[in-house]
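Undergrad: what's the 3D shape of this:
(one chain, ligands or ions: 1)
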Amino acid sequence: MANVIQRPTIAIVGGGVGGTVLANLLARQLDEDEARLVLIDQSGHHLYQPGWLYLPFNGQDPEHLERSERSLLRHRIDLYVSRVEQVDVETRSLRLADPTGVGPTERLHYDYLVFASGARIAPEEVPGLPEALAQGSAHQFYTQEGAERLRQALHAFHDGHIAVAIGGIPYKCPPAPLEFTFLLEAYLRKRGLRERTKLTYYSPLPRAFTIESVSELAAPLLAERGIESRIFFNVTEIDHQKRLLRSLEGEEDRYDLLVIVPPHRGALIAEQSGLADAQGWLPTDRATLEVKGQEGIFALGDVTDLPVSKSGSAAHFEAAVVAERLSAAIRMRTVNPREGCYDGRVMCFMETGYAQATRIEFDYEHPPVPPKPGWFYHLEKMLFNKAYWYLVPPARV
Ligand SMILES: Cc1cc2nc3c(=O)[nH]c(=O)nc-3n(C[C@H](O)[C@H](O)[C@H](O)COP(=O)(O)OP(=O)(O)OC[C@H]3O[C@@H](n4cnc5c(N)ncnc54)[C@H](O)[C@@H]3O)c2cc1C
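TA: Have a look, this model is predicted:
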């Protein structure tokens, strides 16, 4: 009994990809009397965000994109469905909001803390964007609700100029706006609207994509399909009344329908903890995943400031590293350097339309060499989308 009382508490903030995989890995690696495992998630629902890409084209059933977090966690993990309001690193405690909003807040002590709280979208950072989104001239697919509204807007669209733009870097899933553009082009063609639609892809970078090899693959595809590509276009403002997109570079373009990736920031709790940078990203050691200067505090997934894609795959690989480090700390053994050091690994697919895709795989040292798009990679991605619930959250892969 004494052992149970004294066992250290590992608190994980966030039940997305990273937090859920980590909790389940720890539940497998550590005995129940070695550590108490606590996961706090503000919604209690686990969302499969990659599915939002397909919603505007009726390519996914929204019901398949959400599961209760409890159903994905091993029994011994204590789940709190509550928002962490405050992190006090001095007293090693968290303040949890009362889910009903009327009761008292709760304090939770931790010995080890992991931020897996993800990123948030911040449309308010582009003047005019909140108004354009409310008006319905601009849309985004970075929330389920947004993706569903976009589906209605595309359904009602008949002709004109569709602009696909990026509101700021970094953002989740870097290939997503390119994938969306390719899928949109194929969708318009299928509906017989392609000849009546001007389609433009705006990139804030000097090329279509951050990574050169991916850009070299995407740029000819855009050109081949008659999609205009505008590089060095950093969106600074939207005039929702005149439907104008303005850039830092002094350009101005009129659109009929704007699809924009809103600017992203780290989850508010990271900002409020006082540990994050001005954009809400946590300064994170690129190998150990410890929050810099904070012993016993780790970060993984979108909330980090690591120079890798904000992606579910990065969060997944990082969870294994944090699990090894925490297991070693609890068992007072040395860290296995092969398992306990993140090498920057990311693996994702990029849809290129017409039931084809490519695969993007890289790490800190090795840039990706994406293969020629083909049906095989598209099929792989479709299978992964279906198998996600059985493979990833339970940490079976
Ligand atoms: C349209 C789209 C397409 C994508 N496609 C891909 C893809 O093909 N491949 C890929 O690898 N990735 C893709 N991603 C990215 C991927 O979904 C994210 O990178 C991934 O979900 C990040 O995992 P995470 O655990 O860091 O954060 P999340 O999964 O976002 O989870 C964070 C959790 O923390 C909770 N939380 C936040 N603050 C608090 C608080 N204060 N208290 C309690 N809980 C809190 C949130 O509610 C949430 O449940 C895509 C994303 C989008 C939007």
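
Undergrad: output the below-cut-off pLDDT ranges for this protein.
TA: Low-confidence segments of the chain (pLDDT under 70): 1-5, 101.

Undergrad: and the longest helix for it?
TA: helix 312-331 (DSSP state H).

Undergrad: may I have that helix as PDB, with CA atoms only?
TA: Output of helix 312-331 as PDB, limited to C-alpha atoms (Å, rounded to 0.1, in the frame of the first residue of the first chain):
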ATOM      1  CA  GLY A 312       0.600  13.200 -36.300                       C
ATOM      2  CA  SER A 313       3.400  11.000 -37.400                       C
ATOM      3  CA  ALA A 314       6.000  13.200 -35.700                       C
ATOM      4  CA  ALA A 315       3.900  13.200 -32.500                       C
ATOM      5  CA  HIS A 316       3.600   9.400 -32.800                       C
ATOM      6  CA  PHE A 317       7.400   8.800 -33.100                       C
ATOM      7  CA  GLU A 318       8.100  11.400 -30.400                       C
ATOM      8  CA  ALA A 319       5.800   9.600 -28.000                       C
ATOM      9  CA  ALA A 320       8.000   6.500 -28.100                       C
ATOM     10  CA  VAL A 321      11.000   8.600 -27.200                       C
ATOM     11  CA  VAL A 322       9.300  10.300 -24.200                       C
ATOM     12  CA  ALA A 323       8.000   6.900 -23.000                       C
ATOM     13  CA  GLU A 324      11.500   5.500 -23.000                       C
ATOM     14  CA  ARG A 325      12.900   8.500 -21.100                       C
ATOM     15  CA  LEU A 326      10.100   8.500 -18.500                       C
ATOM     16  CA  SER A 327      10.400   4.700 -18.000                       C
ATOM     17  CA  ALA A 328      14.200   5.100 -17.500                       C
ATOM     18  CA  ALA A 329      13.700   7.900 -15.000                       C
ATOM     19  CA  ILE A 330      11.100   5.900 -13.000                       C
ATOM     20  CA  ARG A 331      13.200   2.800 -13.000                       C
END
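
Undergrad: give the other helices and strands that whatever helix or strand comes next after that helix contacts.
TA: Note on helix 312-331: by DSSP states H and E, the next helix or strand toward the C-terminus is strand 346-353. Packing partners of strand 346-353 (3 or more C-beta pairs under 8 Å, 6 or more residues apart in numbering; DSSP states H and E): helix 176-190, helix 212-224, helix 312-331, strand 356-362, helix 375-391. Quick note: C-beta positions are derived from backbone N, CA and C, even for glycine.

Undergrad: wait, a strand at residue 163?
TA: Yes. Assignment of residue 163 by DSSP: H, G, I helix; E, B strand; the rest coil places it within a strand.

Undergrad: report how many residues lie close to the residue nearest to it when sequence neighbours are not counted.
TA: The shortest distance from residue 163 to any non-neighbouring residue, by C-beta to C-beta, 6 or more residues apart in numbering, is to residue 255 (4.0 Å). Residue crowding around residue 255 was assessed by other C-beta atoms under 10 Å; the count is 24.

Undergrad: distance of residue 373 relative to residue 32?
TA: To residue 32, residue 373 is 47 Å away according to C-beta to C-beta, to the nearest Å.

Undergrad: these two - which one has more neighbours?
TA: For residue 373 and residue 32, the more surrounded residue by other C-beta under 10 Å is residue 373, and the numbers stand at 23 against 13.

Undergrad: list the contacts of that one.
TA: Counting by C-beta atoms under 8 Å, 6 or more residues apart in numbering, residue 373 touches 217, 221, 350, 352, 356, 357, 358.

Undergrad: neighbour count and distance to residue 160 added to those residues, as CSV?
TA: Formatted as CSV, the contacts of residue 373 follow (neighbours: other C-beta atoms under 10 Å; distance: C-beta to C-beta, whole Å):
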residue, neighbour count, distance to residue 160
217, 23, 29
221, 20, 23
350, 26, 27
352, 27, 24
356, 19, 27
357, 27, 28
358, 24, 30
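
Undergrad: for this protein, what spans make up the helices?
TA: Under DSSP H, the chain gives helices at 2-6, 17-29, 69-72, 129-135, 144-156, 176-190, 212-224, 268-272, 312-331, 375-391.

Undergrad: buried residues in the last one, which are they?
TA: Spelled out, that is helix 375-391. Buried residues in helix 375-391, defined by neighbour count with 16 or more other C-beta atoms under 10 Å: 377, 378, 381, 382, 384, 385, 388, 389.

Undergrad: and the stretch 101-250 of the chain, which residues reach the ligand?
TA: Contact residues (C-beta under 6 Å from any ligand atom) of the stretch 101-250 of the chain with the ligand: 116, 117, 118, 141, 142, 172, 173, 176.

Undergrad: count the neighbours of the residue nearest to the fifth one when sequence neighbours are not counted for me.
TA: So the one you mean is residue 142. Once flanking residues are discounted, residue 142 sits nearest to residue 121: 5.1 Å by C-beta to C-beta, 6+ apart. Residues lying near residue 121 (other C-beta under 10 Å) number 19.

Undergrad: how about the contacts made by residue 121?
TA: Contacts for residue 121 (C-beta under 8 Å, 6+ apart) come out as 140, 142, 143, 262, 263, 264, 265.

Undergrad: OK, contacts around the residue nearest to the first one when sequence neighbours are not counted?
TA: What that stands for is residue 140. Closest residue in space to residue 140, ignoring its immediate chain neighbours: residue 146 at 4.5 Å, by C-beta to C-beta, 6+ apart. Applying C-beta under 8 Å, 6+ apart, we find residue 146 in contact with 52, 133, 139, 140.

Undergrad: surely the first one and residue 149 touch.
TA: No. With contact taken as C-beta atoms under 8 Å, residue 52 and residue 149 are classed as non-touching, separated by 11.5 Å.
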